[in-house]
Structure formats: structure tokens, C-alpha cells
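[1] Build me a model:
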Amino acid sequence: MAMKIVEQTPGRLKLRDRGWSLWLTFFPIALLGLGIMPLGRHTIFSCQRVSTLSAQCTLEESNFLVSTRRPIPPSSIRGAVVKRRSSGRGSVRYSVILRTKSQSITLSSRSSSWSRQEAIANRVNAFFMDNTQPSLYVENDDRVAMLFIGGITAAMGIGGLLGLCEINHATLDKASGKLHHIRQGAIGQKESVLPLHQVAYADVEQGTGKSRSTGRIMLHLKSGDRFPMTRNLYPGLRHKEKVASLISEFVAAPAPEPVIKPERAKSSPVPSTPEAAIAHYQQALQSHPDDAETHYRLGMVFYKQDNAQAATTHLQRARDLFAAKHESHRVLQVQDMLWRLEQG
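    The predicted structure is shown next:
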């Protein structure tokens, strides 16, 4: 399943992977299992001979929902036969069919044993051929078997829906300097937040053996750890390679430079010496402690003076103030300087 690019700008990359292939695989399996469970039947075909010339036959059928009982006229019965059915895999199953003038009634579950089904058919045919036999009783109950088969199938489908199916959202934001990843499943979601500057590159982890045509996008961190963008492997390797390349280019590109208004730059000229600049900006902050531009310029002076602690303090304050004013281009500029400070 392809990872869709929801948003792509120089400062923001948003991706989403719904994983439809697994949803479309396990949902029909769950429905199939739930549909098989009530198909089991309990069948009783019984006959009582009233005289050598007449008999009374009854067919009782029930499942988990309904139960029916109806007479079968002996004169309409044409005998019992063993029906053979083969699957595409070469396996053969047999069942006993009671034929009447108007319909065919299944008297036994499908079985791989021909002799067992033949014995049941012979009993039925012998009763109608031998007028001395007083009664006939044929019972078959496959409700437990169908419940078991359907339950296992439904459990596989539901287990796949709950354990494997998920929707992944990933947002790489240079303004906040974070990678925000959300994995949503049927029973909840998991959120992960990573520092964006810790992402070195992205590539595709390919499956092995019969799964070589599947893969997932893997983030490689500078610490040596790896972070999968999806938990499962999906088809579509070529598209994943393109997205992985796009992620690598995004994290490698520097933050876009902001466009500073000329009038703002002229209104606050930088003093000639670093010491004078520090004194000038500190005095300005006493009057306007929430001026983002002044915090930024003071932080840059400390940065050039190799005072990392003071530079970080003022640059972080500048970033928060610019973010409060929704000046994303300035946030990107300040965040880029903070990354450089973290990297030494």
C-alpha cells in the first residue's frame, strides 16, 4: 500500500498510509468465519414401518437459529446415493444424498471416508427394499464442527484486524524541529515524537523470501537506531523508494531563510562591538521583555561569542515568541540555529 504525500512544503512534510491491503484481506476473512458458524445442521431422518406395505418417514432439521420437522412420503423416495466432490487441491469428499421426486436432501456431512458414507446409503436403501425391517434412523450433527471451523476463521480475521491493520500518520515539521508519528489501530493509537535533526536518512526495508515484493519505509537515526514508518510490509516498492528519497532530501535540506522586512532591520541597528551589542539588547529587553527580534539578535551575539548557554536561552525564547505570532519563517530560522548549537 502506497504512503500518500498529504502536504509538502520546504518546512513541512506530511505523510499518510492507510494500509488498505491488510484491511481488505482480513475483513472478508472475519465475515466468512462469522458466516460459516451458523451453517452447521443437525439432521435426523427416521422411518417407522406401519405394515409391510406402508411406512411413515420424518425429516427433522435444526441449526443454531431454527428447527423444522416435516414428513417425507415413502412413495416419493428414490433412494440414497453417495455424492463425490473434489476440490482444486485434489482432495475428495463424500456425502450421502437422499433423492426424492422433488428434491435432494443431504443426510451426512462431507467426509473423506467413502466406506462410511456407503454404509449409511446402504442402510437407507435396504430399508426401502426390505419390507421386514421395522425402522430406520439416520442422524448427522455437524454444528460443532462448523462452529469450530467458522470460529477459527473468524478469529484469524478479527485477530488480523485488531493486531495488524493500522493507519499511519507522519508529520516532519522544521518549525517545531520534530517528527510526529501516529499509528492508529482498531484498539487504539500510539504516538511517537522524535527530534527531526536526529533523522539521518530514510530507505526501504525489503521483505525476504516470498515477501521480497513488499517493504516498508525505515528511518535511520544518527544514534544508530531505526524507526519504521509502518509496522507491516506492503507491496509497492518503487513508490516507497521515491517517498524514502523525498524524506532524505527533506531532512538534509537546511531550513528556508526568512525574509526580514528592511524597515525592521533598520529600526534596530547593531552596535559596533559585541560587548556594546549585548548591553544594548539587554537594556532593550528591560523595556520590552517579549520582543522576539531583540531576543534573537541577543542570542546571535552570544552565539558568535561562543556562549552556548546564553545563546540557547535567548534563541529558545525568540522561537517561542515568533511561534506565538505565527511567524513560521522566523521560527524555522531560529530553530536552525538551535540545531547548530545542539550539534556543537
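
[2] Next secondary structure element downstream of the helix or strand encompassing residue 33?
    Following DSSP states H and E, the helix or strand that holds residue 33 is helix 20-36. Going down the chain from helix 20-36, the next helix or strand is strand 42-51, by DSSP H and E.

[3] Now do the buried residues in that next one.
    Under the neighbour-count criterion of 16 or more other Cβ atoms under 10 Å, strand 42-51 has 42, 43, 44, 45, 47, 49 buried. Yep, even glycine has a C-beta here, placed from its N, CA and C like the rest.

[4] What helices and strands are in contact with that strand?
    Counting contacts by 3 or more Cβ pairs under 8 Å, 6 or more residues apart in numbering; DSSP states H and E, strand 42-51 packs against strand 54-62, strand 135-141.

[5] quick one: which of those strands is nearest residue 85?
    Checking these against residue 85 by Cβ to Cβ gives strand 135-141 as the closest, at 16.3 Å.

[6] So, low pLDDT: which residues of the stretch 151-300 of the chain?
    163-164, 210-211, 231-234, 254-272 (pLDDT under 70).

[7] Which elements pack onto the helix holding residue 33?
    Counting by 3+ Cβ pairs under 8 Å, 6+ apart, the elements that helix 20-36 packs against turn out to be helix 143-163, strand 234-235.

[8] Which other helices and strands does the longest one contact?
    Of the remaining helices and strands, those touching helix 143-163 by 3+ Cβ pairs under 8 Å, 6+ apart are helix 20-36.

[9] who touches the helix it packs on?
    Identification of contacts with helix 20-36 by Cβ atoms under 8 Å, 6 or more residues apart in numbering yields 1, 146, 149-161, 164-165, 232, 234-235.

[10] switch to 10 Å and redo it
    With contacts defined as Cβ atoms under 10 Å, 6 or more residues apart in numbering, helix 20-36 is touched by 1-2, 146-167, 186, 214, 232, 234-236.

[11] OK, contacts around residue 157?
    Residue 157 touches 25, 26, 27, 28, 29, 30, 31, 32, 33, 34, counting by Cβ under 10 Å, 6+ apart.

[12] Also residue 86?
    92, 93.

[13] and it, bridged to which residues?
    According to DSSP bridges, the residues that bridge with residue 86 are residue 92.

[14] same question, residue 191
    Applying DSSP bridges, one finds that residue 191 bridges with residue 182.

[15] related to what we said a few turns ago, just put the helices and strands packed on helix 20-36 in JSON lines and tack on distance to residue 330.
    As requested, the helices and strands packed on helix 20-36 are exported to JSON lines (distance: least, Cβ to Cβ, whole Å):
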{"stretch": "helix 143-163", "distance to residue 330": "45"}
{"stretch": "strand 234-235", "distance to residue 330": "39"}
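
[16] JSON lines for the contacts of residue 157, including neighbour count and pLDDT?
    Converted to JSON lines, those look like this (neighbours: other Cβ atoms under 10 Å; pLDDT from 0 to 100):
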{"residue": "25", "neighbour count": "14", "pLDDT": "80"}
{"residue": "26", "neighbour count": "21", "pLDDT": "80"}
{"residue": "27", "neighbour count": "15", "pLDDT": "83"}
{"residue": "28", "neighbour count": "11", "pLDDT": "87"}
{"residue": "29", "neighbour count": "18", "pLDDT": "89"}
{"residue": "30", "neighbour count": "19", "pLDDT": "88"}
{"residue": "31", "neighbour count": "13", "pLDDT": "89"}
{"residue": "32", "neighbour count": "14", "pLDDT": "90"}
{"residue": "33", "neighbour count": "19", "pLDDT": "90"}
{"residue": "34", "neighbour count": "15", "pLDDT": "89"}
